[in-house]
Structures are given as structure tokens and as C-alpha cells.
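Trainee: dropping a prediction and its sequence here:
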Amino acid sequence: MKRLVYCLFVMIAFAMNLAAQDVHSYAKPSAVRVKHVDLDWDVLFDQKILKGTATLTVERSSQTEPLIVDTRDLKIERVETSTNGVEYAPGTFTVGTSDKILGAPLTIPLPAGATRVRIHYSTSPGASGLQWLAPAQTAGKKDPFMFTQSQAIHARSWIPLQDTPAVRVTYNARVRTPRNLLAVMSAENDARTPRDGDYSFRMRQPIPSYLIALAVGDLRFRSLGPRTGVYAEPQVIDRAARELNDTEKMVVATERLYGLYRWGRYDILVLPPSFPFGGMENPRLTFATPTILAGDKSLVSLVAHELAHSWSGNLVTNATWRDFWLNEGFTVYLEGRIQEAVYGRARAQMEAALGLRELQDEMATLEDRDEILHVDLAGRDPDEGFTNVPYQKGALFLVHVEQTFGRPRFDRFLRSYFNHFAFQSITTEQFLTYLKQNLLDKDPALAARVPIDEWISKPGLPASAPKPTSPAFARVEEQAQRWLRNEIPPTQIPLARWTTQERLHFLKFVQSALEPPPSSGGPAGTQLSHTERVRLMGELDRAFNLTRSGNSEVVFQWLMMSIQNKYEPASARLEEFLLSVGRRKFIRPLYQELAKTPEGRERALAIYRRARPTYHPIAVTSIDQDLNWPGQ
Ligand SMILES: [Zn+2]
């Protein structure tokens, strides 16, 4: 019964949304469109809620249709409407049935001439887009911390608004916090503002809802250049500023390639370790995981990535989540070009080769429907679309076009694409039409070499897809092989001189030798015994102290190997890592790998029970599913 009602509801929701074209929003922007949002909140750490108002300025194409906004777990107190933005009159509203994925529509009838709607509301302590950290979860251990993560459809859990990337808004905000803490937003931040617990923000450029962001904590600021800087807790700020001091250089390099940076400042906020992602490209203020602070700038490709989003994603935005590859494929492509400009070609090649490997590994586990760039996410949580496919396959498609048409021509095309669609949200169809008119049709002979439909609408990779390789990796493999054949001791492997990318490749190569994947077709007899595998792991560990590595990517790879080879000496480190880091890219595969055996599963559940309260709701949702956590 319950299920039937649910199905019926989903069908109705689906039919309703066909008109809006975004199956993940209840909004009908073609009738009433929100253009601007004024926010006013108290940040209440003791209750873990935001409480205040959102005032929406609307543009009406229909004088009869109501305003429909998206909400999830919001407590709506009352609603007012206004024709002039000065006098407000009480209004009516209804909150529809809540769907597990979409949340609930909030419908507000609009009187004649009404152009503003003020919603008085508060969030719930379990809001999917907010994380509230206890002092113990911060570097300083003294003050609490909170931050938002709105992508894909979590903005609706803290702001009632048209939560679709097709709608762009400007916003102003006033935020009251405990007096000693600082609030920052994806807007104009004044680093010298007095710390008095009352902060104001202004975002003048229209952005989609998923880019609205807020963080509150004991934050310090350090300038990195004329228009770049970093925010972090006092205990982290020096390390962060050292690690990120190429940021200004990256902005300059990207502008040289793709035109002016249009957002004023570019600052980076380094969050506590429970942040579920590597980075989030909130405009003017990238949110980043502290796991990129490796001490040697080897993981700052993440900054190149988030910065690139200032063009691909934030300036030209995917209109729906099925067009997500327009954001991420372009961004991974740009990231490679920025890396090449700042750190040289060898490093960009390594990243590209690693990217292809990750894509192939993940595609081996995906259903066909999820290997498609223009993926169908109807009826599904858009967070399920966050695989390597939109990222790496999307980028590879653009590399294919670049290599076919030549870099100068493709660069000109990209610059004109960013200008043409600046501050707009577009669909895959719109991109393809533009590509055809401005590149493909100008040289049909070259265009015939790129199987566009196969790239966009088919699973897998076309046979003609580029296969990025790295000469540096070939040298790494040679060293690994010599050690595995017992020709050199591990101490002769120049691991300490290698980049993080080379070390990662080395470890992955060694793992494929220790445990050849079943698809490699080798005879079963080539499997090494458990004792032998543990002996080899121990040799590497003694030579390079991998279990204690401070580089998050390296230690993650090592911990994966230690689960796969049942290497016990790393087991305490595994537990420590899972209890202190919340980045989903790391913790999810570790739990999945553990859960492959019955003993491992026991262990995964025991660790997860302790770690779960410290993880972000987005990471919890994924891992709950993976581990069949009770209550799911
Ligand atoms: Zn991205």
C-alpha cells in the first residue's frame, strides 16, 4: 500500500516536472521565476539549525499560477507577500507530500501584482545540506563549526527555493553567529570585517541554487595574491597558505587560456576533515578538503579543478543533472590544461593516464545506463550520477575533439563557447547544436572522425577514444617489475623522489601484480600466496613507511592494498584513517573493500558505528546503502 502510494506520487511528480524539464525539482520557472533571494538567519549551534527568512523576488509570466519552491525537512512558520518590497501582507501556503529523493513542494498562491514572497522558516538538525561539527571535530577543538554542501539538490534542505540549476539568482544575506566566529559565503567576503557575529554578503552575479554556500567557524584569512587568498582554522592556516601559494599563478594561466576571470576574488576555504568531497566550486570561495595539504603541492590539481569551474559550471552551467558532464567533463579537461601550463606536460600526462585508469576500473562495476554521458537520472537521486563517467569520459571526449581539430582551433572554440553562454544554464542539446554550428560543420571531413552520438548516448568508450599515456609511468613500471623479479631491493626504488601521481601508479601496478584481476586472463597458478603477498607488502612498508604516510592519496591506496592482501600491520592505521577523514572518495571504497569478506564486514560495521556520527549526511547516505546499515 505504502509502496503503491509512493509510486503514484512519483508518477505524478514526474508528469509535473516534464514541463520544467528538470525531473529533480518541483519548480515551474516558466510560470513564476525567482530572480533574487534575500536571506536572513541566526546560526543556532545549540539546536543545529538556521532560523530566519528567505525573501524571494519573482518574475511572473503567468498572473494566475502560484509560486512553487523546493524544500526538504524545512519547518515553514509563515509566509508573506508584497507588491512593492516594503509592505508585506500575510499569505497562505501548502506543503505537499515529501518524497524521499525530492523533498516536498511548497506552494504559495500569489495575489495580483505580488513580486516578493517572504518565507519565515527554520531548518531541521538532520538537514542533508548542512553539517554541524562539535568542537572535537575541528583542528582547534574549542569552537563548533558548520558548513553547507548544496550540490546536487541539497540547497532545498536549508533554503526554500527553486532548486534547479536551470534557475539563476543573485543573493544578499545577513548572518548572525556566536560573536567569536566568522561566517563566509559564496559571495563578496570582506576579510577585514570586524568579528562581531553579524555579517553581510552580496552576490551580484546570477548563480544556480547549488552554488549558494555558507560556512561558520573560527576562521583566519591569509592573502595569496592580489585577488586570491585562503581561509582556514588558525591551526591550519600557515600550512594551507604554503600549500596553495600557486593559486594566483593558476588564475593567470587560466585567464590566458579561456578569457577573463569574471568573479572578482578567488579564495579557498580549507574545511575540517569531515568535508565529504575533495572540493566544491562555490563561486568566489572554493570549499576544499584538508586532505589536499600534502606538504609538497602534489595534490593541488584539486585547486586547478575548482578554479576551472569558474568557467565550466559556474559561468556556463548544466541545466539539469543529466547534463552534469557539461560541468565536470569540461572542468577535468580545463584542469589538465591548467596543470600543463603551471606544472608542465609530464604532470598533466600522468593525471590523464590515472584518470583513464580510474574510469576503466569504475566502468567495470557500472551498469550500461550509468556509462552514458547524457545519463538518465529520472526517479533517482542525482548524487548517483557522481561517477567518473561525467568527469573522465567527458574530458576524454573533449580531448578527442581537440586532437582531431587541433589545439588552436579548439581553444578558440572553447573561448567563444564560454562567452556565448556566460551566466546561462544549458542542456546537452544546446551544447551539441553550438558545437555543430561553430566547429563540426566548418570541417565535415574532420568531424566525421569523432563519433559524437557514441560519445554522448552510448555506454563504454568509442574504439577511437584517445588513450592517454605517461612516459614517466612506463619508467615507474620498469622499477616495480625489477623489484618484483627480485633484481633490486625496494630501497633502490626512487619512491621518495617521485611525484604523488608516480607513487600512486607504482602502488596500483604492484597491486595488479600481487592480485591479477580476473579479467587479465592469466593462468590461475600465477596468484601469489597470501604469505608471499604479505612479505612483499612488508618489504615496501619497511622501505617507505607507507602505513604512516601523511599523503592522503598515497595512504588511501596503501590501505586499499592492505585490505586486499590482508596485511595486518596497517590495520590500526586503517581504523585511525576512517575515524578521522570524511572524504567520501576515500572512505566509501575502503568500507566497500572491507565488506567483501564476512570478517571484513564485521570490522567495517564496528568502525562505521563509531565513525558514522562524525561523517557528513551525504557520505552517510552512500555508506548506509553500501553496508545495508539498519534503518535503511
Ligand atoms: Zn568538479
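Mentor: Structure received. These numbers were taken from a predicted model, which means no experiment stands behind them.

Trainee: buried stuff in stretch 172-186?
Mentor: Neighbour counts over stretch 172-186 (16 or more other CB atoms under 10 Å) mark 172-177, 181-186 as buried. For glycine as for every other residue, the C-beta is placed from the backbone atoms N, C-alpha and C.

Trainee: so what's the gap between that stretch and the chain middle?
Mentor: On the basis of CA atoms, centre = their mean, to the nearest Å, stretch 172-186 sits 23 Å off its chain's mean C-alpha point.

Trainee: try stretch 272-289
Mentor: Here stretch 272-289 is found 8 Å from its chain centre; the criterion is CA atoms, centre = their mean.

Trainee: mind checking if that stretch is in reach of the ion?
Mentor: No. Stretch 272-289 lies out of reach of the ion by CB under 5 Å from the ion, never closer than 6.0 Å.

Trainee: residues in the stretch 251-400 of the chain within reach of the ion, list them.
Mentor: So the stretch 251-400 of the chain meets the ion at 328, 331 (CB under 5 Å from the ion).

Trainee: which of the buried residues of stretch 172-186 fall in helices?
Mentor: Using DSSP state H, no member of these falls in helices.

Trainee: wait, which of those is closest to the ion?
Mentor: Ser186 (14.6 Å; CB to the ion).

Trainee: check contacts around that closest one.
Mentor: 203, 207, 211-214, 282-285 (CB atoms under 8 Å, 6 or more residues apart in numbering).

Trainee: same question, Tyr615
Mentor: Tyr615 neighbours (CB under 8 Å, 6+ apart): 274, 276, 582, 587, 623.

Trainee: wait, a strand at the second one?
Mentor: No. Pro276 is assigned coil when assessed by DSSP: H, G, I helix; E, B strand; the rest coil, not a strand.

Trainee: state the distance from it to Thr148.
Mentor: 12 Å (CB to CB, to the nearest Å).

Trainee: next: the first one.
Mentor: For Ser274, the distance to Thr148 under the criterion CB to CB works out to 13 Å.

Trainee: so what sits against both of the two?
Mentor: With CB under 8 Å, 6+ apart as the test, Ser274 and Thr148 both reach Gln131.

Trainee: helices of the stretch 101-250 of the chain, start to end?
Mentor: Assigned by DSSP state H, counting those that start in this stretch, the stretch 101-250 of the chain shows helices spanning 237-243, 247-258.

Trainee: distance to Arg116 and mean pLDDT for the ones you listed - can I get that in TSV?
Mentor: As requested, the helices of the stretch 101-250 of the chain are exported to TSV (distance: least, CB to CB, whole Å; pLDDT from 0 to 100):
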stretch	distance to Arg116	mean pLDDT
helix 237-243	40	98
helix 247-258	37	97
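
Trainee: mind putting those helices in a markdown table, mean neighbour count included?
Mentor: Formatted as a markdown table, those follow (neighbours: other CB atoms under 10 Å):
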| stretch | mean neighbour count |
| --- | --- |
| helix 237-243 | 18 |
| helix 247-258 | 19 |
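
Trainee: right, and those - which one's nearest Phe397?
Mentor: For the helices of the stretch 101-250 of the chain, the distance to Phe397 is smallest for helix 247-258, at 17.8 Å, taking CB to CB.

Trainee: now do the contacts for Val37.
Mentor: Contact analysis of Val37 by CB under 8 Å, 6+ apart lists 54-57, 159, 161, 169-172, 212.

Trainee: tell me which parts of the protein are close to the ion?
Mentor: So the chain meets the ion at 328, 331 (CB under 5 Å from the ion).

Trainee: of all of the stretch 501-632 of the chain, which residue lies closest to the ion?
Mentor: For the stretch 501-632 of the chain, CB to the ion, closest residue to the ion: Lys585, 12.0 Å.

Trainee: show me the contacts for that residue.
Mentor: 277-278.

Trainee: can you get me a residue count around Ala294?
Mentor: The tally of other residues near Ala294 (other CB atoms under 10 Å) stands at 17.

Trainee: over to Ala570?
Mentor: For Ala570, using other CB under 10 Å, the count is 21.

Trainee: now the two most distant members of the contacts of Val37.
Mentor: Farthest pair in these, by CB to CB: Thr57 and Ile212, 15.0 Å.

Trainee: of these two, who's got more company?
Mentor: A side-by-side neighbour count of Thr57 and Ile212, using other CB under 10 Å, places Ile212 first with 26 against 17.

Trainee: state the distance from the more buried one to Pro283.
Mentor: Ile212 is 9 Å from Pro283, by CB to CB.

Trainee: okay, and the common contacts of these two?
Mentor: Common neighbours of Ile212 and Pro283 (CB under 8 Å, 6+ apart) are 186, 203.

Trainee: mind listing what Gly460 touches?
Mentor: By CB under 8 Å, 6+ apart, the contact set of Gly460 is 363, 368, 371.

Trainee: in PyMOL, select just the buried ones from the residues you listed.
Mentor: Command for PyMOL, covering only those of the contacts of Gly460 found buried under the criterion 16+ other CB under 10 Å:
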select buried, resi 363+371
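
Trainee: distance to Trp311 added to the contacts of Gly460, as JSON lines?
Mentor: Listed next are those as JSON lines, based on distance: CB to CB, whole Å:
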{"residue": "Met363", "distance to Trp311": "27"}
{"residue": "Asp368", "distance to Trp311": "31"}
{"residue": "Glu371", "distance to Trp311": "26"}
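
Trainee: I'd like the average pLDDT over the strand or helix carrying Arg533.
Mentor: Element membership for Arg533, per DSSP states H and E: helix 530-544. What helix 530-544 shows for mean pLDDT is 97.

Trainee: need phi/psi at the residue of the stretch 101-250 of the chain found nearest the ion.
Mentor: Nearest to the ion in the stretch 101-250 of the chain, going by CB to the ion, is Gln151, at a distance of 9.1 Å. For Gln151, the backbone dihedrals are phi -70, psi 140 (criterion: degrees, to the nearest 10).

Trainee: got a list of what it touches?
Mentor: Counting by CB under 8 Å, 6+ apart, Gln151 has contacts 210-211, 280.

Trainee: pull up the gap between Leu315 and the ion, please.
Mentor: Distance, Leu315 to the ion, by CB to the ion, to the nearest Å: 14 Å.

Trainee: please name the nearest non-neighbouring residue to that residue.
Mentor: Ala422 (5.3 Å; CB to CB, 6 or more residues apart in numbering).
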